[in-house]
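> Okay, sequence plus prediction incoming.
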Amino acid sequence: MTKPSMLFDTTEHVLIAVHGREPPTDEEWESYMQAAGSLPPACTKTLVVTAGGGPNAKQRASINDYVSKTALTVAICTDALLVRQIGTALSWFNPRVKAFRGSDVVAALRYLEITGPEAALVQHKVTKMRLEIEGRPSRAPR
């Protein structure tokens with residue numbers, strides 16, 4: 001089985017997307033966009049964590065179209081310059097898009113106004129998805 005280049009999940013208020021170093025495949029991106037399009041009304045925040053992979057031009061066009069019609073607050077955590085530039089371009093369509101350092105998920109969650117148990121759940125899901133993308137098994141809870 002091949003490693004995914006992108007995984008996503010949700011909590012009550014947050015759509016979480018985790019990317020590896022490679023751009024998502026068109027199939028992964030289409031699944032993500034379908035999920036984004038069917039979010040419940042309370043889920044208005046998006047956290048993107050990436051090791052450098054990001055949407056290609058065609059995929060960016062679909063997300064630009066989506067965010068121009070949807071009130072989402074987006075935090076992007078990455079140290080990759082190209083992805084930061086993509087985040088800047090997305091902010092032209094949605095001024096509620098903000099980039100953070102790749103390791104600063106806590107600051108991104110503060111920006112998204114996610115706290116307490118939901119913030120802990122988001123961090124847990126991010127860690128689990130990062131491990132899966134890297135091809136490493138997650139440790140079982142003790």
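Arrived safely, thanks for sending.
> List the contacts of Leu112.
When contacts are counted by C-beta atoms under 8 Å, 6 or more residues apart in numbering, Leu112 touches 13-14, 45, 47, 73, 75. (Glycine included, C-beta is placed from N, CA and C.)
> ok, 10 Å please
Applying C-beta atoms under 10 Å, 6 or more residues apart in numbering, we find Leu112 in contact with 13-14, 44-47, 73-75, 96, 98, 118-119, 122.
> where does it land on pLDDT?
Leu112 carries a pLDDT score of 97 in this model.
> can you pull out the helices in the protein?
Ranges of helices in the chain, per DSSP state H, are 26-37, 57-69, 81-93, 105-111, 116-134.
> Not counting its neighbours along the chain, what's nearest Ala89?
Among residues not flanking Ala89 along the chain, Arg60 sits closest, at 7.2 Å (C-beta to C-beta, 6 or more residues apart in numbering).
> Near the one you found, how many other residues are there?
16 (other C-beta atoms under 10 Å).
> hmm, back to that, between the helices of the chain, which gets nearest to Val18?
Val18 sits nearest to helix 116-134 of all the helices of the chain, at 3.9 Å, using C-beta to C-beta.
> tell me the contacts of Phe100?
Applying C-beta under 10 Å, 6+ apart, we find Phe100 in contact with 47-49, 75-79, 84, 87, 106-111.
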